[in-house]
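[1] Sequence isn't available, so here's the structure alone:
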């Protein structure tokens, strides 16, 4: 049987999951020494007047560990794709080859690796702050609902305390997932 606090816990889980997914998409775009499609798939290209992610207008393949090959679905968009990649802050230099764009991924220096690892840690801290805000908001909603005498199903003090403990447990669980993601990405960046 579902408790009256279950909808609050479900909402907290969903919001924490979205924060973690956002962090995952952010770190996927951070450069490592290897070629990976995730590096450029979210680069926005000015395509027929709208800013479109590169992955929606081209296929991105990895022909070898140090290069990416971008084949646009519409060959007339090659110049726009080239400009967008150059304008991105990734430090990549695309070269046009017939109906495709080749991007050589230069090896990272030790300083660059450390800066990128720091960027990952910074993104992780932003995510943790976001997750703590979720906890704060859900706890406030729970307390407001517990004080609301007009609710069809009342929330008892015991249920409120159990729900607070569960929200804290959820936060710890998702913070651990953030730590695991950061550790994996940092390891990937620092590999030579």
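    Arrived safely. These numbers were taken from a predicted model, which means no experiment stands behind them. Numbers count the residues shown, from 1 in each chain.
[2] Touching, residue 94 and residue 83? I think so.
    No. Residue 94 lies out of contact with residue 83 (CB atoms under 8 Å); the separation is 9.1 Å. (C-beta placed from N, C-alpha, C; glycine too.)
[3] between the two, who's got more neighbours?
    With neighbours defined as other CB atoms under 10 Å, residue 94 and residue 83 compare such that residue 94 has more, 20 against 13.
[4] which stretches of the chain form helices?
    6-28, 78-87, 110-147, 157-190 (DSSP state H).
[5] how deep is residue 23 tucked in, by neighbour count?
    Neighbourhood size, residue 23 [other CB under 10 Å]: 24.
[6] that older thread, CSV for the helices of the chain, including distance to residue 55?
    Shown next, in CSV, are the helices of the chain (distance: least, CB to CB, whole Å):
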stretch, distance to residue 55
helix 6-28, 11
helix 78-87, 11
helix 110-147, 20
helix 157-190, 20
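[7] JSON lines for these, including distance to residue 65 and mean pLDDT?
    As requested, the helices of the chain are exported to JSON lines (distance: least, CB to CB, whole Å; pLDDT from 0 to 100):
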{"stretch": "helix 6-28", "distance to residue 65": "17", "mean pLDDT": "92"}
{"stretch": "helix 78-87", "distance to residue 65": "19", "mean pLDDT": "89"}
{"stretch": "helix 110-147", "distance to residue 65": "17", "mean pLDDT": "92"}
{"stretch": "helix 157-190", "distance to residue 65": "13", "mean pLDDT": "92"}
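[8] quick one: which of those helices is nearest residue 104?
    Of all those, helix 78-87 sits nearest to residue 104, with 11.8 Å by CB to CB.
[9] Could you chop the chain up by domain?
    The chain breaks down by automatic domain parsing into domains covering 6-28+109-190, 37-104.
[10] residues in contact with residue 44?
    Taking CB atoms under 8 Å, 6 or more residues apart in numbering, we find residue 44 in contact with 51, 52, 53, 54, 84.
[11] Check residue 59 too.
    Applying CB under 8 Å, 6+ apart, we find residue 59 in contact with 70, 71, 73.
[12] My understanding was that the first one contacts residue 100; is that so?
    Yes. Here residue 70 lies in contact with residue 100, judged by CB under 8 Å, at a distance of 6.3 Å.
[13] Count the neighbours of the residue lying closest to residue 13 once chain neighbours are set aside for me.
    Distance criterion CB to CB, 6 or more residues apart in numbering; nearest residue to residue 13, sequence neighbours excluded, is residue 170 at 6.0 Å. Look at residue 170: counted by other CB under 10 Å, it has 20 neighbours.
[14] Which of residue 70 and residue 100 has more residues huddled nearby?
    Per other CB under 10 Å, whichever of residue 70 and residue 100 has more neighbours is residue 70, with 26 against 18.
[15] So in terms of bridging, what pairs with the more buried one?
    Bridge pairing for residue 70 (DSSP bridges) gives the partners residue 60, residue 101.
[16] No further queries at this time; thank you.
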